[in-house]
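Undergrad: Compute the structure for the input listed below.
(chains A and B)
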Amino acid sequence: MLNSCNIVIAGAAGQGVESALVLAGKSLLKAGFHIFISADYQSRVRGGHNFMRIRFGDQPLAAAVSTINYLLALNEESLTRHLPNLTNEGLAFVMADDGLNVADQRVVKIPAEAGPTTAKTDTFTGIKLLALLFTELSLSPEILKESVRQQFAKKLSPKLLQTNIDTISELARFFTDRPVQPLPFSSSPDPQRMLVNGNDAIALGMVAAGIGVYTAYPMTPSTSVMNVLADCGPQMGIAVEQVEDEIAALNAALGASYAGARAATGSSGAGICLMAEAIGLAGIGEIPIVIFDAQRSSPATGMATRTEQADLLFVAHVSHGDFPRLIIAPAGHSESFYLTAEAFNLADYWQIPVFILSDQAQASSERSVNEFDLEKVTIDRGAIAKEPQSAEMLRRYEVTETGISPRAFPQFSKWLISCDSHEHNEIGQVSDDIENRNRQHNKRMRKLANLAATLPGPEIIGAPADNLLICWGSTVGPVLEAAEKLRTQGHNFAVAIFQYLYPLNRERIEKALAPFKEIYTIEGNYSGQLGKLLQMETNVRISSHIGKTDGRLFTVEDVVQSLTELVGGGQ
Amino acid sequence: MSCNYESDFASQWCPGCGNFDTLECLKTALCNLQIEARDFVIAAGIGQAAKLGFSLRCNLLAGLHGRALPLALGLKMANHKLQVLAVSGDGCFYAEGGNHLLHNARRNLDITMLASDNRVFGLTKGQASPTAAADFITKIHPEGSGAQPLEPTLLALSAGATFVAKAFTGNPDELTAIIEAGINHQGFALIDILSPCVSFNKVNTFAWLKKRIEPIAESHDRNNRAAALQLAQFNPEEKIPTGIYYQTEKPVYGAHKKALSGEPIAGRTQNYKPERVKPLFARYR
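TA: Here you go, the predicted model:
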């Protein structure tokens, strides 16, 4: 079993939960632990109830757990809400005022006088609780101070920065009679290790792939990709534009791709709805494009800051007509980096729209990862037309056996290039000739079949077993950990991780899934969308589906409970 | 250089369509300005006017109805050195694409927008466009649309366009000169081209337009936005001023972006290596 410790920091929006979280994350990373942080926040700027789970241990972690070892409650509501999940040996830290009405020996109440006189306001509560926790765990307060300097030196006045440092020092020696509880596992510091959320990994993957243009309209939970690219854009040569709507976002990205840049757009499901028509333009125009979809609770506005995996069938079919597309759903943070970089190669090679399907749970959860290995990233722009003797129209849609027609970029080539949303002839002129239509349509659809044949099937973990659990995206981490836990209890489940969701490589999938008697899907949706897709495209039959539509991520305990019910039958 | 923009495309316009004149004037303007075919791209929408690009031997990105302007934005982001012409009609630019007009005018995107304005949807056979008069009768609007016509020059001026002009296909010399001025202009240039639709607009005919158009007086101060706004508030039943209403110099889209200076991104892309991401890793430690 994984050795880990789970801290929950909880409070109202605007109370400094975020700052405490950043400090905790940076400090535990410096201390050499593996980390998984998940945020549960509301779509509001002030008030309400937000909480962050910070799980850390001595091995890589890929999932959140519900059970709490240490609770840092920034207000009384946070204390009463989360106490039921605190282990018997766990501790809750709270300011004395906030814990007045709670009689529980696990609650450590911090008197108001703790800390410097200049640090009496609520905004210091987070750092006080954190300093006490570090002391309790026998972790050096110096690490916490270093993180404060790293994070806030530029944001806070020197005086305020010092008050924070002093607060840590004073709280670290406030309780002289409390026994320390050293962690039951050790750390392994690695200066190359990074703490990234899913969106960071995707943005970094785009940069590694050589992105030049990103156009988008802000939408939770996709926006932070645009933030990262906008921040580094001036230095890196990436033009980022916040456009007037998602329709403009995809059309502009397509214009940029036609002109020769690597281009992408991103949004959440509702924004992808607005892109529908232009997705078809990418299809018939054979314009390479990467479209990032950070799925959230649906339909329409849904729950803005909550997760779901219910866009798969939509994205697999969005826009009218038949045309090739590719859907990649990275399962995890490192995978988000590498597969995003690869998405641009596949878009360029096949000249198709490529979707990166993530979800809020992955987008906003942070995870410690090894530094991304750039040796594993290549840049392949696909087929480029040989230069002509003089300016002439490129046979942009030349009918080939592979379906791929070489490209060229205006002004960087003597070719003149016409790219068209109508059905068109080989040089990109509008045409409704019967034979031309059949040739062009067949050429495009050949790409889909050829692409499918190159794609890997699922990765199977834990075989042999009678039962198989199919999962994708943010659900993979908790399912893998839960399956391992059940194995120790004598219930064998293998796990199939799907990262290439459409088109499906029928042969490889059927072969990989053939050994299993019962196949279940676990997805963050109602209808079991990957299961449905598999049943449409292959002979795989799904026994039943474990779904989740409450907008919250699967914790390890959630999955264990569902699987226990599954094997328990009517008992 | 040779002025050869001839395409073998068989035009799909009706005889007498104003689009033929616009096509000829554009060719002459490109020729006069000595613009090589490889150095410009036409971003087209959908509609009869939008088919103009097929009749030229040139770079063409023929997109969706209403979306020529966002395509143009992307073209300029990837390659700010390209000459970009956005070509379509009044239905495409002002109805489905209205939002993009506002925002690209605000951006002062350095493109030339050729809006063929015949006050009617031709391709779908005669529905009222946003520039049609409120009492324009169609199959859908047997009682008229009841909606006030949009004046594109007034809209573009208020949204921040830095070059606003109106031309008439019946005045090819003026149209050619305006297209040349629009292409030479650094910034967002809207040219609303009054163009008769011989098949579906029996009201605003060539003769109707000819009678009302009136070149702007020499004394008009092009650099004066208030004067241009005044000029754009004409009564189309009486007279329609043609010429350049407004032209001013303002920073173009991208002037504030470091990524859009020097070598275009499309040209730099081949030098982008995965290692470019490495300096960003430090912030995640």
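
Undergrad: Does at least one residue of stretch A:18-34 sit close to chain B?
TA: Yes: using Cβ under 8 Å from any Cβ of the partner chain, stretch A:18-34 reaches chain B at A:Leu29. Glycine gets a C-beta too; all of them are placed from N, C-alpha and C.

Undergrad: average pLDDT for that stretch?
TA: The average pLDDT for stretch A:18-34 rounds to 95.

Undergrad: How far off centre is it?
TA: From the chain centre to the centre of stretch A:18-34 is a distance of 19 Å (Cα atoms, centre = their mean, to the nearest Å).

Undergrad: Pull up the distance across stretch A:214-232, start to finish.
TA: 12 Å (Cα to Cα, to the nearest Å).

Undergrad: For the stretch 1-150 of chain B, what lies in contact range of chain A?
TA: B:7, B:9, B:36-39, B:41, B:43, B:46, B:51, B:53-54, B:57-64, B:67, B:69-75, B:77-79, B:81-82, B:99-100, B:102-103.

Undergrad: Now the buried members of those residues.
TA: Buried members of those, counted by 16 or more other Cβ atoms under 10 Å in any protein chain shown: B:7, B:9, B:37-38, B:41, B:43, B:46, B:51, B:53-54, B:57-64, B:67, B:69-75, B:77-79, B:82, B:99-100, B:102-103.

Undergrad: Can you check which helix is longest in chain A?
TA: For chain A, the longest helix by residue count, based on DSSP state H, is helix A:434-454.

Undergrad: ok, back up a step: tell me which of the residues of the stretch 1-150 of chain B next to chain A fall in helices.
TA: B:69-75, B:77-78, B:99-100, B:102-103.

Undergrad: Tabulate those residues (a markdown table), appending pLDDT.
TA: Below are these laid out as a markdown table (pLDDT from 0 to 100):
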| residue | pLDDT |
| --- | --- |
| B:Leu69 | 98 |
| B:Pro70 | 98 |
| B:Leu71 | 98 |
| B:Ala72 | 99 |
| B:Leu73 | 98 |
| B:Gly74 | 99 |
| B:Leu75 | 98 |
| B:Met77 | 98 |
| B:Ala78 | 98 |
| B:Asn99 | 98 |
| B:His100 | 98 |
| B:Leu102 | 98 |
| B:His103 | 98 |
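
Undergrad: wait, which of these is closest to A:Ala249?
TA: For A:Ala249, the nearest member of those is B:Pro70. The distance, counting by Cβ to Cβ, is 7.8 Å.

Undergrad: Contacts only, for the closest one.
TA: By Cβ atoms under 8 Å, 6 or more residues apart in numbering or on different chains, the contact set of B:Pro70 is A:Val243, A:Ile247, A:Ala248, A:Ala249, A:Asn251, A:Ala252, A:Gly255, B:His100, B:Asn104.

Undergrad: Next one: the closest residue in space to the fifth one that isn't next to it in sequence from A:Ile54, what distance?
TA: Which is A:Asn251. Closest residue in space to A:Asn251, ignoring its immediate chain neighbours: B:Pro70 at 3.7 Å, by Cβ to Cβ, 6 or more residues apart in numbering or on different chains. Noted for B:Pro70: a distance of 42 Å to A:Ile54, by Cβ to Cβ, to the nearest Å.

Undergrad: A:Phe372 now?
TA: 23 Å.

Undergrad: With A:Ala347 instead?
TA: Distance of A:Ala347 to A:Ile54, given as Cβ to Cβ: 36 Å.

Undergrad: the more surrounded of those two?
TA: Ranked by neighbour count (other Cβ atoms under 10 Å in any protein chain shown), A:Ala347 and A:Ile54 place A:Ala347 first, with 27 against 24.

Undergrad: low pLDDT regions in chain A?
TA: Residues of chain A meeting the criterion pLDDT under 70: A:1, A:569-571.

Undergrad: ok, residue 119 - contacts?
TA: Just going to use chain A. Taking Cβ under 8 Å, 6+ apart as the test, what A:Ala119 contacts is A:Lys128, A:Thr163, A:Asn164, A:Asp166, A:Thr167.

Undergrad: To clarify, I was referring to chain B.
TA: So B:Arg119 contacts B:Asp90, B:Ala128, B:Ser129, B:Thr131, B:Ala132, B:Ala133, B:Phe136, B:Pro149, B:Cys197, B:Asn201, B:Asn204 (Cβ under 8 Å, 6+ apart).

Undergrad: Format the residues you listed as TSV; extra columns: distance to A:Arg46.
TA: Shown next, in TSV, are these (distance: Cβ to Cβ, whole Å):
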residue	distance to A:Arg46
B:Asp90	47
B:Ala128	48
B:Ser129	47
B:Thr131	47
B:Ala132	49
B:Ala133	51
B:Phe136	52
B:Pro149	46
B:Cys197	56
B:Asn201	56
B:Asn204	56
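
Undergrad: hmm, which two among those are most spread apart?
TA: Longest span within those, Cβ to Cβ: B:Pro149 and B:Cys197, 15.1 Å.

Undergrad: Which residue of these two possesses the greater neighbour count?
TA: B:Cys197 (28 against 18).

Undergrad: What are the buried residues along stretch A:181-191?
TA: A:Leu183, A:Phe185, A:Ser187.

Undergrad: Dump the C-alpha coordinates for that stretch into PDB.
TA: What follows is stretch A:181-191, C-alpha atoms only, in PDB (Å, rounded to 0.1, in the frame of the first residue of the first chain):
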ATOM      1  CA  GLN A 181       4.600  13.000  15.200                       C
ATOM      2  CA  PRO A 182       7.300  12.200  12.600                       C
ATOM      3  CA  LEU A 183       5.900  10.900   9.400                       C
ATOM      4  CA  PRO A 184       6.000   7.100   8.900                       C
ATOM      5  CA  PHE A 185       7.800   7.500   5.600                       C
ATOM      6  CA  SER A 186      10.900   9.200   4.400                       C
ATOM      7  CA  SER A 187      11.400  11.800   1.700                       C
ATOM      8  CA  SER A 188      13.700  11.700  -1.300                       C
ATOM      9  CA  PRO A 189      14.500  15.200  -2.400                       C
ATOM     10  CA  ASP A 190      15.000  15.600  -6.200                       C
ATOM     11  CA  PRO A 191      15.800  19.200  -7.300                       C
END
